[in-house]
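Chemist: Show me the folded form of this:
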Amino acid sequence: MTQEILDMISGQTFGVWFLIGAALVFWMQAGFAMVEAGFTRAKNAGNIIMKNLMDFCIGTVMFILIGFGLLLGEDILMGFMGMPNFDIFTNYATFDWSNFVFNLVFCATTATIVSGAMAERTKFLSYCVYSGVISAVIYPIEAHWTWGGGWLAGIGFHDFAGSACIHMVGGVCALIGAAILGPRIGKFTKDNAGKIVKVNAFPGHNLPIGALGVFILWLGWYGFNGAAAVTVEELGSIFVTTTIAPAVATVVCMIYTWIRYGSPDVSMCLNASLAGLVAITAPCDVCDGAGAILVGVVAGLLVVFGVWFCDNVIRVDDPVGAVAVHMMNGIWGTLAVGLVATDTAPAFARGIGDGVTYGANQIAGKGLLYGGGIKQLLIQCEGVLAIIVYTAIMITITFMVIKAIFGLRVSEEEEILGLDATEHGLASAYSGFQLMDVSGSMIMDVNENTRLGNDDYATATEFERNAAVGTAVAPDVNPTGMYKVVVIAKLSRYDKLRRALNELGVTGMTVTQVMGCGVQKGSGTHYRGAEVDATLLPKVKVEVIIGNLPLDDVIECIKKTLYTGKIGDGKIFVYNVAEVIKVRTGEINLAALEDVE
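Modeler: Numbering: from 1, shown residues only. Model prediction:
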């Protein structure tokens, strides 16, 4: 009788912990949002927050309608998927509420992984559509194979909390989506033959926010990995391995980047913490401390390799490292089960079962490094391959259909101005600061995604040219032959202007981020349904000092480059320069300009 009471109390306690774990996993959405926002540019922060919010909200709707049934419904088609049902509507009194919420938050995690790799250039509508497809069909079916009584569970495939079912799947979707979408403007510099010769860095605008996101995710991961534990011993062991692997991965990454790049890379180490967490997710319940260390060491190196591989080999632009963190380390963590699974782990005996009991804890035997032979490793390989093939086919079809119907990518000008303004009518996610960002524009190069404005300057009348690009020249008073030329232009025209001036012979310039409006009054936006006063438009201010070049040639070059025939093309101001002094050498006037022009 006493034992029955204790068992009941234990069951109730772990039932409550199960839901607390689900809440922790939900809180990870905030972590993903902060990491993605911090690792990208300020002009897209609002768009990123909106995407991470809608991941969960759209995912909830799709999981209610079809996803939950496909995942945990009655097994059909020889373990391929569950039977869709509407028990939440028709049989609510006996509905498995806890299981629904728990699996829902995991489903939302899969969809949100894709957001980071496709950040800063994806149409919001298209994002909503493919996020819904992942939550409705792609994730539930493959997760059923492992967690819903499907065929992988039947052969002893082990993925306790989702290295493969969640992270690898999200990473595969991210890789394919980013590849189809193409790189952000300016990410890769090409030579005249079209060959990529340089990978340009786009630093995240707020690493403290990114770090906060990592800590939120690490906290949530204790629920992510530990929620399904049914004994205190099992839970304690999972917490230990979930702590060791990311810590070791981060230390290894810090040492490696310090040696390779000359300094410990902050953003890469943040990625390494997540990589270690992703990798330990599958074996967390069946490995020991030594196994967790091995998992972490490989994860810390693999994440650096993955980022390099995406940039320099396959040329896929992944702003947050989602492919390296989730896909590559999801694969590694899943395969690691076949290496480090040990019968000293508290959960191992429960996982062996009788070969009939399905669930996340199912496992065929010990890992190769612990005397279990190669059997479990081969089973893990089979499961990884099957899930990758299924996911790749489904998400490729999804992206292609969306691309044909809605289009996947925003226009060049929308991308340069930022998705906050162009997709959401949001002047800035940091309204009080009026932040602008031209870091990508500073290194833009013409590529297959770039075509800004039109080129009908040659056919325009002088009146049309002056109406679009006005010029104000100060009268010569004691002329020195040196002039300061100041240009105010659209931010989206900066790169063409820089190139044109450089080709003319100007090699030194000062560039300032500014905002303003004139006849072109700016667009009124709305916040909580109320119209906001006219919004200042992003502009770029370029200043150059002219000495040895003909002033008329410089002005004509600028006018021709900025001209589109529309009001707002820009203004040119020309000032006489009385004297120029080079601080370093004391040279004056033309001699002071020789090494900057």
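Chemist: Spatially central residue for the protein, please.
Modeler: Geometric centre of the chain, nearest residue: residue 116, 1.5 Å, by Cα atoms, centre = their mean.
Chemist: Spatially, what comes nearest to it if we skip its sequence neighbours?
Modeler: Nearest residue to residue 116 in three dimensions, chain neighbours excluded: residue 320, at 3.5 Å (Cβ to Cβ, 6 or more residues apart in numbering). For glycine as for every other residue, the C-beta is placed from the backbone atoms N, C-alpha and C.
Chemist: before we move on, back to that, host element of the residue nearest to the centre of the chain?
Modeler: Assigned by DSSP states H and E, residue 116 belongs to helix 97-117.
Chemist: So for that helix, what gets flagged as buried?
Modeler: Going by neighbour count (16 or more other Cβ atoms under 10 Å), the buried part of helix 97-117 is 100-117.
Chemist: can you check stretch 313-330 too?
Modeler: For stretch 313-330, by 16+ other Cβ under 10 Å, it's 316-330.
Chemist: do the same with stretch 492-499
Modeler: 492, 493, 494, 495, 496, 497, 498.
Chemist: same deal with stretch 402-415?
Modeler: 402, 408, 409, 410, 411, 412, 413, 414, 415.
Chemist: Kindly provide the distance from the third one to residue 316.
Modeler: Meaning residue 409. 14 Å (Cβ to Cβ, to the nearest Å).
Chemist: so how far does stretch 581-593 reach from one end to the other?
Modeler: Its first and final residues considered, stretch 581-593 spans 9 Å by Cα to Cα, to the nearest Å.
Chemist: hang on, residue 98 packs against residue 16?
Modeler: No: using Cβ atoms under 8 Å, residue 98 is not in contact with residue 16, being 9.5 Å away.
Chemist: What is whichever helix or strand residue 197 is part of packed up against?
Modeler: Using DSSP H and E, residue 197 maps to strand 196-199. Contacts defined by 3 or more Cβ pairs under 8 Å, 6 or more residues apart in numbering; DSSP states H and E place strand 196-199 against strand 188-190.
Chemist: Can you give the distance of the strand it packs on from its chain's centre?
Modeler: In terms of Cα atoms, centre = their mean, to the nearest Å, the gap separating the centre of strand 188-190 from the centre of its chain is 21 Å.
Chemist: State which helix of the protein is the longest.
Modeler: helix 2-39 (DSSP state H).
Chemist: The helix or strand following that helix - what's its average pLDDT?
Modeler: Going down the chain from helix 2-39, the next helix or strand is helix 45-62, by DSSP H and E. The average pLDDT within helix 45-62 is 95.
Chemist: any weak-confidence spans in the stretch 151-300 of the chain?
Modeler: Counting by pLDDT under 70, not a single residue of the stretch 151-300 of the chain qualifies.
Chemist: One more pass at 90, please.
Modeler: Low-confidence segments of the stretch 151-300 of the chain (pLDDT under 90): 153-154, 186-204, 228-231, 261-263.
Chemist: do the stretch 351-500 of the chain as well
Modeler: 351-365, 416-417, 426-483, 489-500.
Chemist: Break down it into its strands, ranges please.
Modeler: Ranges of strands in the stretch 351-500 of the chain, per DSSP state E, counting those that start in this stretch, are 469-473, 483-490.
Chemist: Walking through the stretch 201-350 of the chain, point out its helices one by one.
Modeler: 207-226, 232-261, 266-280, 289-312, 322, 329-340, 348-352 (DSSP state H, counting those that start in this stretch).
Chemist: what would the ones you listed look like in TSV with distance to residue 51?
Modeler: Supplementary listing: the helices of the stretch 201-350 of the chain in TSV, determined by distance: least, Cβ to Cβ, whole Å:
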stretch	distance to residue 51
helix 207-226	14
helix 232-261	25
helix 266-280	18
helix 289-312	21
helix 322	13
helix 329-340	21
helix 348-352	36
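Chemist: Could you say which of those helices is packed most deeply?
Modeler: The highest average neighbour count among the helices of the stretch 201-350 of the chain, using mean count of other Cβ atoms under 10 Å, belongs to helix 322 at a mean of 33.
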